[in-house]
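Visitor: The following comprises the amino acid sequence and a computationally predicted model.
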Amino acid sequence: MGDNINRWLRSVRPKTAADDDWSDTFAADELLAAIHSTIESDGQQRIGKVSAGRSRTRRHFTPGRRVSLAVGGLGCAVAVFVMSTVNGGNDVTPPGAAAPQIPTTAPGMRPAAFLLHNYSSCADLLAGLRSHTAASVTRFGLPGQQLMYADYRPGLAGAPSAAKATDAAGGTSNISTTNVQEAGVDEPDIVKTDDGRVVAITDGVLRVVDIESKQVTGTLDLTLYDGWQSAQLLVDGDHALVMLGGADDGYLAERFGPVSLARPNARSTYLFVDLAGAPKVTGSMRAAGSYVDARQIGSTVRLVVSSTPTITFPDRRVRGQVSIAANRHLVRKSPMSAWLPNYSITNGAGTTNHRVPCSQVSHPSRYSGASLLTIYTLDLAHLGSASEPVSVAADGDTVYATSSSLYVASNPDWYCCMTGENPQRTEIHRFDITGAARPTYLGSASVPGRLLSRYSISDYDGSLRIATTTGRFGSAGQSSSLYVLNSDTLKITGQVSGLGAGERIYAVRFLGPVAYVVTFRETDPLYVIDLNDPTVPKLAGELKLTGYSDYLHDAGDGRVIGVGQEASDEGRVAGLQVSLFNVSNPAAPVRTGHVVRPRDRGESTLDPHAFLYWQPTGLIVTPIDSWARGQSGRVLVLTVSGDSLKPVGALANPRTSGSTEDGLGIQRSLFADGSLWTLSGSGIQVSDPATLDRQAWIPFR
């Protein structure tokens, strides 16, 4: 019977550990025991014990999301196994025939295919990585390496937050927190508010500021470490994790979006910082690869790192040494250590070195072998203990997470966006991050087109929604689509196509079962898409205006704030604009408020972490980048009242002795104890949000 099961498995999905007698493995025991337990608890027919007489002890199986096992693919294969067991093992459906289904829904179970390991052994892993890497290698080496001629270090974009400011316990807070995409899922930033204090990183120095006394109570110099220029942090109580870039990190992030080009020898550093008393470094983690992003739920941090094989290819500038065949030969003889990421943990007990084990490396059905994504799990309350990493043979540059799932997306053929020579596809990989245990790789999918950023992705009520643009940049052939996938099977269930012919996406905002998409070339269509039925998503309404919004934010009560650029009828940018839309009627969205500053423009691509909306008072603060000399680095302050926008004014931090133009620029805005706090490299200004009168100045120099 086991042979029949394995033949069925091979016919319905890519090679996994199931090909090597999966039905006789520990994973099979766990899965089938869970199936039996679920059916018994539902009062269904009792199924006899699986593998009776086996001596190994089964661990408790924790189910995931609710989904029927009878979903086709491996779910059907398991159904065959269970039903044949019920019938005494005499009625096994042959491969190619319709598979019987379990006559019940198993609550809390994902499709069984997602529970399998992809490699049966280290030898299988090495053979697979060598084969796929050799097939994808170019005469320049690994894909993407030919563009590693510069070191780009852009800030990481954020995404819209929930409408209300809430504290960790879910109650209303009088201190704003980081503007995040999903409530309860924190994102790294240069400033955090926690326990009545502000913890900020500017110019390579971490500072702790007491909100009540408005005094700097502690500092920590980070310039001793490589990558301090791009430092960000996450905080939980008196524990902080500071994420640094590496000296060999490389990023390309123009308007095409973030594309990680990790070099073979890149390493990234993560500092464990104690904030009790004077801040101090208590340990660190060093990991092979480039830092991509991180997410925090409670005290648990999921850290995403991208690494490439440590294979040295001949210098393409040396004549006669550039050969695809020679590069493939190098790949095929490279050892396992060339691919498996290594990392070290330093704490009070010393330094320990680790490597991701073979058993924790998976792969999607299609992969190049040119990079691995590794997800490390760290507990901020117990920093210094060894993490439990998992890796998947894939690339990734965009991270999105909910409280239970983490998605990493990439466009492996991103260069086609410039040439238009190849079809564009976005690949996305899903991991279960429920609780604080090691993540579980659940599966991968792809959709046509390229992402704008992480807020082009949303997981809601069992559906994964993704908005993409296809066509070469600036061409008349550009068009955008929104795809709806089943979150568990990662299969497309519906789509809306043909959005903005000749235009690309500039902003996306998902609010529950509705999506708002902005495209632009000469005018700005704001599309409202109804996603209530994931099998039949539909365009509910649209609004055409001059200019565009490159950031959308929920203002509550059927209103959406848009921040972007005003433009002429021909599409020429004319200055910063902030709009307020009433979208209570999806079929007829209207703009009810509009503020334009003709000589100013917002950031070229707004980092939503720099945007503040304090809903209790309707306060809006957004950065200004002015064409007028000496006027950049300010913020525009407005208020929302009903369906109208009211400008309060522009605010700049004071010039201090020795401060440079860069030091004057306001990088973040906060709301604390009734006041507006604006952070720059030279200090923090505390102002009256109604009049912008200065209340206090906290100098950093």
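Guide: Noted; the coordinates are in hand.

Visitor: can you pull up the bridge partners for the residue nearest in space to the middle of the chain?
Guide: Nearest to the mean C-alpha position of the chain, counting by Cα atoms, centre = their mean, stands V399 at 1.2 Å. Beta-bridge partners recorded for V399 (DSSP bridges): V408.

Visitor: Which residues are in contact with it?
Guide: V292, D293, A294, R295, V304, L406, Y407, V408, A409, R454 (Cβ atoms under 8 Å, 6 or more residues apart in numbering). Bear in mind the C-beta positions are built from the backbone N, C-alpha and C, glycine included.

Visitor: Distance of it relative to Y291?
Guide: Separation of V399 from Y291 (Cβ to Cβ, to the nearest Å): 11 Å.

Visitor: which neighbours do those two share?
Guide: By Cβ under 8 Å, 6+ apart, the residues touching both V399 and Y291 are V304.

Visitor: neighbour-wise, which of the contacts of V399 leads?
Guide: Counting neighbours by other Cβ atoms under 10 Å, A409 leads the contacts of V399 with 28 neighbours.

Visitor: hang on, the earlier thing: so which of the contacts of V399 belong to strands?
Guide: V292, D293, A294, R295, V304, L406, Y407, V408, A409 (DSSP state E).

Visitor: now these as JSON lines including pLDDT?
Guide: Formatted as JSON lines, those follow (pLDDT from 0 to 100):
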{"residue": "V292", "pLDDT": "95"}
{"residue": "D293", "pLDDT": "96"}
{"residue": "A294", "pLDDT": "97"}
{"residue": "R295", "pLDDT": "98"}
{"residue": "V304", "pLDDT": "97"}
{"residue": "L406", "pLDDT": "98"}
{"residue": "Y407", "pLDDT": "97"}
{"residue": "V408", "pLDDT": "97"}
{"residue": "A409", "pLDDT": "95"}
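
Visitor: Check those residues against D625 and report the nearest one.
Guide: Distance to D625 across the ones in strands among the contacts of V399 (Cβ to Cβ) is lowest for D293, with 24.5 Å.

Visitor: quick one: that closest one from V408, how far?
Guide: For D293, the distance to V408 - Cβ to Cβ - is 8 Å.

Visitor: swap in L638?
Guide: For L638, the distance to V408 - Cβ to Cβ - is 36 Å.

Visitor: Give the residues shared as contacts by D293 and V408.
Guide: V304, T398, V399.

Visitor: element containing H132, please.
Guide: helix 122-136 (DSSP states H and E).

Visitor: and that helix, which residues are buried?
Guide: D124, L125, L126, G128, L129, R130, H132, T133, A134, S136 (16 or more other Cβ atoms under 10 Å).

Visitor: And the pLDDT for the fourth one?
Guide: This points to G128. pLDDT, G128: 91.

Visitor: Could you double-check that it sits in contact with S120?
Guide: No: under the criterion of Cβ atoms under 8 Å, G128 is not in contact with S120, lying 10.2 Å apart.

Visitor: Overlap in contacts, those two.
Guide: With Cβ under 8 Å, 6+ apart, G128 and S120 have no common neighbours.

Visitor: Just the element for E566, please.
Guide: Going by DSSP H and E, E566 is in strand 559-567.

Visitor: should've said L482
Guide: strand 479-486.

Visitor: Check L452 too.
Guide: Residue-wise, L452 maps onto no helix or strand under DSSP H and E.

Visitor: before we move on, back to that, now distance to R438 too, for the shared contacts of D293 and V408, in CSV please.
Guide: Converted to CSV, the shared contacts of D293 and V408 look like this (distance: Cβ to Cβ, whole Å):
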residue, distance to R438
V304, 14
T398, 22
V399, 17
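
Visitor: and which of the residues you listed is nearest to T546?
Guide: T398 (29.7 Å).

Visitor: Once you drop chain neighbours, what's closest to the closest one?
Guide: Closest residue in space to T398, ignoring its immediate chain neighbours: A409 at 4.4 Å, by Cβ to Cβ, 6 or more residues apart in numbering.

Visitor: Tell me where the stretch 551-700 of the chain has helices.
Guide: With DSSP state H, counting those that start in this stretch applied, the stretch 551-700 of the chain shows helices at 661-664, listed in chain order.

Visitor: go on, the chain?
Guide: With DSSP state H as the criterion, the chain has helices at 2-12, 26-41, 74-86, 122-136, 324-333, 416-419, 661-664.

Visitor: Least reliable of those helices by average pLDDT, please.
Guide: helix 74-86 (a mean of 35).

Visitor: one step back: the strand holding L482 packs against which elements?
Guide: Strand 479-486 sits against strand 440-448, strand 463-470, strand 492-499, strand 514-520, with contacts defined as 3 or more Cβ pairs under 8 Å, 6 or more residues apart in numbering; DSSP states H and E.

Visitor: Paired strands for it, with orientation please.
Guide: Counting by DSSP bridges, strand 479-486 is paired with strand 463-470 (antiparallel), strand 492-499 (antiparallel).

Visitor: which one of those has the most crowded surroundings?
Guide: Stretch with highest mean neighbour count among these: strand 463-470 (a mean of 24; mean count of other Cβ atoms under 10 Å).

Visitor: I'd assumed S444 was in contact with S365.
Guide: Yes: with contact defined as Cβ under 8 Å, S365 reaches S444; the gap is 7.2 Å.

Visitor: who's more crowded, the two?
Guide: S444 (21 against 13).

Visitor: which residue sits closest to the more buried one, ignoring its sequence neighbours?
Guide: P364 (3.4 Å).

Visitor: Quick check: the one you found vs V573, distance?
Guide: The value you get for P364 to V573, if Cβ to Cβ is used, is 40 Å.

Visitor: Those two - which one has more neighbours?
Guide: Between P364 and V573, counting by other Cβ under 10 Å, P364 is the more crowded of the two (19 against 15).

Visitor: L490 versus that one, what's the distance?
Guide: Distance from P364 to L490, by Cβ to Cβ: 10 Å.

Visitor: Now for these two: what residues contact both?
Guide: What both P364 and L490 touch, as defined by Cβ under 8 Å, 6+ apart, is the set G443, S444.

Visitor: which phi and psi does P586 have?
Guide: phi -60, psi -30 (degrees, to the nearest 10).

Visitor: let's have the chain start at 572 instead
Guide: Taking 572 as the first residue, the last one we looked at is P1157.

Visitor: what's near enough to touch it?
Guide: V1085, V1099, D1101, A1111, G1112.

Visitor: Just the buried residues of the residues you listed.
Guide: Looking at those with 16+ other Cβ under 10 Å, the buried ones turn out to be V1085, V1099, D1101, A1111, G1112.
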